[in-house]
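In: quick check, what structure comes out for this input:
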Amino acid sequence: MLKFTRHAEGRLRRRGWSEYMVDIALAYGRVENAPGGATRIFFGKKEAQDMFQEIKAFTKMVSKTTGGTLILKDNCIITAYKRG
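Out: Just a heads-up that it's a prediction; the model follows:
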């Protein structure tokens, strides 16, 4: 878990960044070297487009999974089917 400096907490609050937005940038942002041995994480248009494509694919899979059922026993999937 990352820690936040007081400075970062204030900047994030003033700039309207939610915790979820920070999580998105950390998970999907482009990692770059920054001065002083620091790391910069940039979430730009390309990263947003990549994420939108992932969301689109995920949404399609959720739709296809809707109505699906898995039957498990002893930690093993023994069958799968889909209800109309």
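In: now do residue 71: how many residues are near it, please.
Out: 10 (other C-beta atoms under 10 Å). All C-beta atoms are positioned from the backbone trio N, CA, C, and that covers glycine.
In: check contacts around it.
Out: Counting by C-beta atoms under 8 Å, 6 or more residues apart in numbering, residue 71 touches 77, 78, 79, 80.
In: make it 10 Å
Out: Contact analysis of residue 71 by C-beta atoms under 10 Å, 6 or more residues apart in numbering lists 77, 78, 79, 80, 81.
In: ok, now residue 9?
Out: Residue 9 touches residue 17, counting by C-beta under 10 Å, 6+ apart.
In: pLDDT weak spots in this structure?
Out: Applying pLDDT under 70 to the chain flags residues 84.
In: for it, what's the longest helix?
Out: The helix that spans the most residues within the chain, counting by DSSP state H, is helix 45-65.
In: ranges for the helices of the protein?
Out: Ranges of helices within the chain are 6-14, 19-28, 45-65, based on DSSP H.
In: name the residues that touch the longest helix of the chain?
Out: 24, 25, 27, 28, 29, 30, 41, 43, 82.
In: any of the contacts of residue 71 buried? List them.
Out: Among those, none is classed as buried by neighbour count (16 or more other C-beta atoms under 10 Å).
In: residue 78 contacts residue 69, doesn't it?
Out: No - taking contacts as C-beta atoms under 10 Å, residue 78 lies outside contact range of residue 69: 11.6 Å.
In: re the thing from before, among the contacts of residue 71, which ones are in strands?
Out: Among the contacts of residue 71, the residues falling in strands (DSSP state E) are 77, 78, 79, 80, 81.
In: how close does the first one sit to residue 70?
Out: For residue 77, the distance to residue 70 under the criterion C-beta to C-beta, to the nearest Å works out to 5 Å.
In: the residue lying closest to residue 68 once chain neighbours are set aside: how many residues sit nearby?
Out: Excluding its sequence neighbours, the residue lying closest to residue 68 (C-beta to C-beta, 6 or more residues apart in numbering) is residue 82, at 4.9 Å. The tally of other residues near residue 82 (other C-beta under 10 Å) stands at 10.
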